[in-house]
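J.: I need the structure of the sequence given here:
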Amino acid sequence: SAHSAATKYPPFKLIYGLMPPSMIWDTNSKYPGVRVFAQRMKDAIMSAHDSVISARVKSTTLANKKRKESPFVKGDLVYLSTEN
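T.: Alright, predicted model coming up:
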């Protein structure tokens, strides 16, 4: 789980007091239902991870389209507004 920049702890640990168990299962189980369940969970987690990355890339791309080069260079004196 990702760590918060402010607290240096993952949110899961702060809420539940411990880290979640790892998502590693014994794929050599003699119970085929366990293998199927484990594979489905692994696929779901991987799909969710891919979706998060895709959304982040899309968001970054859209945000960067609105950006423009600054007409200022280092050492320029500028006025800053305190309103916002």
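
J.: helices of this structure, start to end?
T.: 11-16, 32-66 (DSSP state H).

J.: and these as CSV, adding distance to Leu80 and mean pLDDT?
T.: In this view, the C-beta of every residue, glycine as well, is placed from N, C-alpha and C. Shown next, in CSV, are these (distance: least, C-beta to C-beta, whole Å; pLDDT from 0 to 100):
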stretch, distance to Leu80, mean pLDDT
helix 11-16, 34, 81
helix 32-66, 21, 87
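
J.: output those in JSON lines, with mean neighbour count appended to each entry.
T.: Output for these, formatted as JSON lines (neighbours: other C-beta atoms under 10 Å):
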{"stretch": "helix 11-16", "mean neighbour count": "11"}
{"stretch": "helix 32-66", "mean neighbour count": "10"}
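
J.: export these to TSV and tack on distance to Val73?
T.: Output for these, formatted as TSV (distance: least, C-beta to C-beta, whole Å):
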stretch	distance to Val73
helix 11-16	41
helix 32-66	21
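
J.: for the residue most central in space within the chain, give its distance to Asp76.
T.: With distances taken as C-alpha atoms, centre = their mean, Val52 lies nearest the centre of the chain, 6.4 Å away. Computed as C-beta to C-beta, to the nearest Å, the Val52 to Asp76 distance reads 39 Å.

J.: cool, Leu18 as well?
T.: From Leu18 over to Asp76 (counting by C-beta to C-beta), the distance is 52 Å.
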